[in-house]
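>>> Sequence below, structure please.
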Amino acid sequence: MPMMCGGTALPSEADEKIQKICESVKSHAEQKAGKTYDVFTAKTYTTQLVAGTNYFVKVYVGGDDHVHLRIHEKLPCYGGDIELSDMQHGKSQEDPIGYF
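I've put the predicted structure just below:
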């Protein structure tokens with residue numbers, strides 16, 4: 001996956017690792033959205049290397065709805081914590097995932 005320093009990588013299909021990262025922040029995303037998601041399936045993602053990794057993930061949440069999540073994973077030397085940094089609602093399957 002080619003990446004420029006500080007930029008985001010090209011989008012890729014989400015895999016099991018990305019799904020697990022999304023599941024780890026699902027309750028925070030639900031809290032932020034003020035609703036519960038019966039479906040929470042990671043579809044595509046891109047990454048940005050910073051002091052750790054930012055994951056920008058398109059997540060299918062049922063019906064025609066998607067949300068975009070920005071998830072930060074700290075470097076192991078800083079505890080390796082994973083946290084939801086930001087979230088965008090009302091996205092469609094066609095909306096490109098990228099930095100926000």
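
>>> what about the helices in this structure?
Using DSSP state H, the helices found in the chain span residues 16-33.

>>> residues contacting Ser24?
Counting by C-beta atoms under 8 Å, 6 or more residues apart in numbering, Ser24 makes contact with Ile82. Every residue, glycine included, has its C-beta placed from N, CA and C.

>>> let's see it at 10 Å
Ser24 makes contact with Ile71, Glu73, Asp81, Ile82, Glu83, Leu84, according to C-beta atoms under 10 Å, 6 or more residues apart in numbering.

>>> same check, this time on Gln93
Residues counted as contacts of Gln93 (C-beta under 10 Å, 6+ apart) are Lys43, Thr44, Lys58, Tyr60, Asp64, Asp65, His66.

>>> now do 7 Å
Contact analysis of Gln93 by C-beta atoms under 7 Å, 6 or more residues apart in numbering lists His66.

>>> Over to Ile21?
Going by C-beta under 7 Å, 6+ apart, Ile21 touches Tyr55, Ile71, Ile82.

>>> Any figure for the gap between it and Tyr55?
Computed as C-beta to C-beta, to the nearest Å, the Ile21 to Tyr55 distance reads 6 Å.

>>> list the residues that contact both of the two?
Ile71.

>>> Neighbours of Lys17, how many?
11 (other C-beta atoms under 10 Å).

>>> And it, how far from Asp81?
According to C-beta to C-beta, Lys17 stands 16 Å off from Asp81.

>>> same check, this time on His66
Distance, His66 to Asp81, using C-beta to C-beta: 25 Å.
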